[in-house]
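Participant: need a 3D model of the sequence below.
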Amino acid sequence: MKISGHATHVVRVTYEETVRGTHVVLRLRTEEGIEGISYVSRIPADSLRLVVMMIESRVQQLIGQDPMDTEAIYQRLFRNASGLELRAASAIDVALWDIKGKALGQPVHKLLGGFRDRVPVSANWGMQFGATAEGLAKARELLRRGFAGLKFQVGALTPQDAVRQFRALRGEIGGDVKLIVDANQRWSFKQALVMGRAIAEYDPYWIEDPLVHWDYAGLRQVRESLPSQITCGEVFTDIQQHRRLMEERSCDIVMIDMDFGLTGFLKVAHLAEAHGLPVHNHLASEIMAHAIAAVPNGLILGFYPWAQPLFKEPARIEDGEYVLSGEPGLGLELDDDALKRFEVSV
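Facilitator: Sure thing, here's the model as predicted:
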C-alpha cells in the first residue's frame with residue numbers, strides 16, 4: 001500500500017451556537033483507495049494557509065511511502081518540528097492510523113493497545129455561565145445527556161465567588177459528579193493555595209493548570225500542599241517537557257495534546273504509566289478517545305464538541321462513558337455537505 005495524495009478543507013464550525021472552532025481537515029489517500037481522515041485546530045486565522053501548505057509539502061514528501069510505517073514516518077515528520085509544524089505533522093500521523101485501521105479492519109484503539117472500548121467522559125463546555133440559573137440548567141442538561149463530569153473555568157474568580165459557585169453547583173448536581181476545575185495558568189503560587197483550599201470541601205476532581213506551565217517547582221509545591229489532584233501538560237509539545245513534569249512530581253495527572261499525534265501520545269502515556277500517573281486528553285475528542293481507551297492509565301476523556309458537526313454520526317455518550325465504534329479506523333465519516341457548508345477560503 002502506498003500514499004498517493006491528499007485533500008484539505010479549512011472549516012469554521014459552530015456547535016450549539018456557543019462553541020466555535022476553525023479546523024484544517026485532512027483526507028490522506030492511498031493508491032488502494034483507502035482514505036484516512038484527521039483534523040487540527042487552534043490555528044491563528046493568518047496562519048491557516050501556512051498550515052495547509054505545510055501539510056501539502058509533507059504529504060508530497062511521503063508519496064509512495066507505506067502508510068503502515070507509522071513509526072518511521074513519525075520520526076521523519078516530528079524530528080526538529082515545532083509550533084505549527086507540529087499541527088501539520090499530527091494531522092498526517094492521525095490520518096495514517098485511520099488508514100492502518102481501515103486496511104486491517106480494526107478500530108484504531110485496538111491497534112494502539114486495545115485496553116477497552118469505552119471510557120469515562122466529561123463535558124468540557126457549556127459551563128461558561130457558572131452557577132447562574134442558565135449555568136445550572138446547562139449542567140442538568142449535560143448530565144441528562146450522559147456525561148460523568150463537568151469542566152468549570154475558575155481562573156478569573158475570587159475565592160469568595162468560587163466558593164459561592166461551587167456550593168451552588170454541588171447543591172444542584174450532587175456529590176458524585178466529577179467537577180473539573182480549570183485555572184488556565186492564571187494563578188500565582190499563593191493564589192493557587194488560597195483558591196485550592198477554599199474549594200477543597202466541594203471535592204474538585206482535579207485542578208488544572210493552577211500555575212504557568214514552566215514552573216515545575218511551584219506546581220510540585222501546589223500539588224503537595226493541596227488535597228486535590230493537579231493536572232498539567234496541555235501546552236507541552238515535546239516529550240522532554242513531560243518527562244521533567246513527571247520526574248519532578250509536579251502533577252498527579254498528565255494532559256496530552258494532539259500536537260504529539262497518536263504515535264507520540266503513546267510515548268507520553270507509556271512514560272506516564274512508568275511514573276505511576278494517569279493521562280487525559282486535550283481537545284480533539286473524537287480522535288483522542290481512541291488513545292485514552294487504548295492505554296490502562298487513560299483516566300477520562302474530556303469531550304469538547306467543536307468538530308462534531310463535521311461527522312455524519314454524533315458521539316455516543318452513555319451512562320457517563322464515551323462509547324467507541326467498532327468500525328475500522330477512527331470510525332468517523334466526514335459529512336461532505338457539512339464540509340461544504342462550513343468551508344472557508346484562505
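Participant: I'd like the average pLDDT over the helix or strand hosting residue 218.
Facilitator: Of the helices and strands defined by DSSP states H and E, residue 218 is found in helix 216-225. Per-residue pLDDT values across helix 216-225 average out to 98.
Participant: list the buried residues for stretch 98-107?
Facilitator: Of the residues in stretch 98-107, those buried by neighbour count under the rule 16 or more other CB atoms under 10 Å are 98-103, 106-107. C-betas here are computed from N, CA, C, even on glycine.
Participant: pLDDT on that stretch, on average?
Facilitator: Stretch 98-107 carries an average pLDDT of 98.
Participant: chain center to that stretch, what's the gap?
Facilitator: Stretch 98-107 has its average C-alpha position 22 Å from the chain's average C-alpha position, going by CA atoms, centre = their mean, to the nearest Å.
Participant: list the contacts of it.
Facilitator: Contacting residues not belonging to stretch 98-107 are listed as 1, 28, 30, 32, 34-38, 67-68, 70, 108, 110-111, 117, 290, 324-332 [CB atoms under 8 Å, 6 or more residues apart in numbering].
Participant: go on, stretch 68-85?
Facilitator: Taking contacts as CB under 8 Å, 6+ apart, the residues outside stretch 68-85 that touch it are 1, 43, 47, 50-51, 54, 58, 61-62, 65, 67, 86, 89, 92-93, 96-97, 99-100, 103, 237, 261, 263-264.
Participant: could you turn the buried ones of the residues you listed into a ChimeraX selection?
Facilitator: Buried residues within the contacts of stretch 68-85, by 16+ other CB under 10 Å, are selected in ChimeraX with:
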select :43,50,51,54,58,62,65,67,86,89,92,93,96,97,99,100,103,237,261,263,264
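Participant: neighbours around residue 9, how many?
Facilitator: 20 (other CB atoms under 10 Å).
Participant: look up phi and psi at it.
Facilitator: Dihedral angles of residue 9 (phi, psi; degrees, to the nearest 10) stand at phi -140, psi 130.
Participant: can you tell me the SS state at the residue nearest to it when sequence neighbours are not counted?
Facilitator: Nearest residue to residue 9, sequence neighbours excluded (CB to CB, 6 or more residues apart in numbering): residue 25, at 4.4 Å. State at residue 25, reduced to three classes by DSSP: H, G, I helix; E, B strand; the rest coil: strand.
Participant: looking at strand pairing, list the partners for residue 25.
Facilitator: With beta bridges defined as DSSP bridges, residue 25 has these partners: residue 9, residue 39.
Participant: ok, and the closest non-adjacent residue to residue 313?
Facilitator: Leaving out its chain neighbours, the residue that sits closest to residue 313 by CB to CB, 6+ apart is residue 333, at 6.8 Å.
Participant: would you mind measuring from that neighbour to residue 286?
Facilitator: 11 Å (CB to CB, to the nearest Å).
Participant: now the common contact residues for the two.
Facilitator: In terms of CB under 8 Å, 6+ apart, residue 333 and residue 286 are both contacted by the residues residue 311.
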